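**Student:** After the sequence you'll find the predicted model.
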Amino acid sequence: MTLPTPQPGVLDIAPYLGGDSRIDGVDRIIKLASNENPLGCSPAAKAALAAAAADLNRYPDGGSADLRAALGRRHGLDPAHIACGSGSDELIGLLCNAYAGPGDEVLYSAHGFLMYAIYAKGAGATPVKAPETDLVADVDNLLAAVTGRTRILFLANPNNPTGTYLPADAVRRLRDGLREDVLLVIDAAYAEYVTANDYSDGADLVRSTENTVMTRTFSKAYGLPALRLGWAYGPAAVIDVLNRLRGPFNVNAAAQAAGVAALEDTRFIDLSRDHNTYWRDWLTRRLRDLGLGVPPSAGNFVLARFDGPDRAEAADAFLRARGLIVRRMAGYGLPESLRVTVGTGEETERLADALAEFMRPE
């Protein structure tokens, strides 16, 4: 008997594992593993979600028209150049399926988002990593890694898990150095948290080129990861391709309604950014004072670097025994590191105090 066989490369994929939420035997958990917004989400989004319950017997708007219009108003973009998805992850996967296949290569920086490689392999393409410099995506290394088979270059900016980012002029140099047939995808999932004045989310490059796409999400600053909502801004030809490939009702009605309300509540986003900036900088200073390596972060997390993998593993076990869940980074090629989400003030202080206890000489 011959059983069904998946396409080549599928069984080479290591499934993506999200951050843990439970610890056996521990009642109170402080989860700082998944870069979630510790302030929750906008009250307006909650109200819109509750109101959407009245129409659960109806299909959602397949084109997410109201959501795209709200995104256009919020960011000054043409809604016709926006496609919405079940998280930005879905759109990243659709781009791989549309523009890469067997014999092609998908390029990204060494410690980029794990889903780039997973989606590339799922499309039959080969994922390729370019070395970073001091945990920062290196434009010259990325361009040197481009071959005749390169079809897509993913740039997470800011990058998860390092927290580092490339300024706008460096991203422009990257685009200018690529062939016209290479699609540059700027994954700006953490853009709302960036306060640097030399940063761009990539929308300017999308407007001025025909081969650049920006992806964004409601899972981070907007605090809506449970609803799985993301969007892409791109040239008309790329958006047309995404609309041909996506499911006819890929974004549910509740997510659309909550997304529109969240976009209109600019006060909540400002509050989330201000909270994150204060506590991220506080946590960075505190962990550095403990002797840990912490690169500057533009996201809602910091990367804590220990003397080696064993020390990081021991720190993780120490924290978990106290109900604190952070994210180990071995899967990202950083086995000596733990990624720590910025929590509430109390959560962040408890995490720092626990690490201080761990680092204290015996």
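**Tutor:** Nice, thanks for sending it over. Remember, it's a predicted structure, so these values are computed and weren't measured experimentally. Residues are numbered from 1 along each chain as shown.
**Student:** what residue ranges in the stretch 51-200 of the chain score low on pLDDT?
**Tutor:** Judged by pLDDT under 70, the stretch 51-200 of the chain has no weakly predicted residues.
**Student:** That one: helices as residue ranges?
**Tutor:** With DSSP state H, counting those that start in this stretch as the criterion, the stretch 51-200 of the chain has helices at 65-75, 87-99, 114-122, 139-144, 168-177.
**Student:** Switch the ones you listed over to a markdown table; also include mean neighbour count and distance to residue 265.
**Tutor:** (Glycine included, C-beta is placed from N, CA and C.) What follows is the helices of the stretch 51-200 of the chain, written out as a markdown table (neighbours: other C-beta atoms under 10 Å; distance: least, C-beta to C-beta, whole Å):
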| stretch | mean neighbour count | distance to residue 265 |
| --- | --- | --- |
| helix 65-75 | 17 | 10 |
| helix 87-99 | 23 | 20 |
| helix 114-122 | 22 | 28 |
| helix 139-144 | 17 | 36 |
| helix 168-177 | 17 | 27 |
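**Student:** Neighbours of residue 251, how many?
**Tutor:** Around residue 251 there are 27 other residues, counting by other C-beta atoms under 10 Å.
**Student:** Report the separation between it and residue 240.
**Tutor:** Distance from residue 251 to residue 240, counting by C-beta to C-beta, to the nearest Å: 17 Å.
**Student:** Check residue 148 too.
**Tutor:** Separation of residue 148 from residue 240 (C-beta to C-beta) stands at 26 Å.
**Student:** who has more neighbours, those two?
**Tutor:** More crowded of residue 148 and residue 240, by other C-beta under 10 Å: residue 240, with 13 against 7.
**Student:** Which of the three states applies to that one?
**Tutor:** Three-state call for residue 240 (DSSP: H, G, I helix; E, B strand; the rest coil): helix.
**Student:** Out of the helices of the stretch 51-200 of the chain, flag the one nearest residue 264.
**Tutor:** Residue 264 lies closest to helix 65-75 among these, at 7.0 Å (C-beta to C-beta).
**Student:** Which residue, other than its chain neighbours, is closest to residue 215?
**Tutor:** residue 88 (4.3 Å; C-beta to C-beta, 6 or more residues apart in numbering).
**Student:** Ok, residue 266 next?
**Tutor:** Counting by C-beta to C-beta, 6+ apart, the residue nearest residue 266 is residue 74, at 8.0 Å.
**Student:** Longest helix in the protein, please.
**Tutor:** Criterion DSSP state H: the longest helix present in the chain is helix 266-289.
**Student:** Show me what that one packs onto, helices and strands only.
**Tutor:** On a contact count with 3 or more C-beta pairs under 8 Å, 6 or more residues apart in numbering; DSSP states H and E, helix 266-289 meets strand 301-305, helix 345-359.
**Student:** tell me the contacts of the residue most central in space within the chain?
**Tutor:** In the chain, the C-alpha nearest the mean C-alpha coordinate belongs to residue 189, at 4.4 Å (C-alpha atoms, centre = their mean). By C-beta atoms under 8 Å, 6 or more residues apart in numbering, residue 189 lies in contact with 88, 156, 160, 215-217, 219-220.
**Student:** swap the cut-off to 6 Å and go again
**Tutor:** 217, 220 (C-beta atoms under 6 Å, 6 or more residues apart in numbering).
**Student:** do residue 185 as well
**Tutor:** If a contact means C-beta under 6 Å, 6+ apart, then residue 185 has 154, 213 as its contacts.
**Student:** Many thanks, have a good one.
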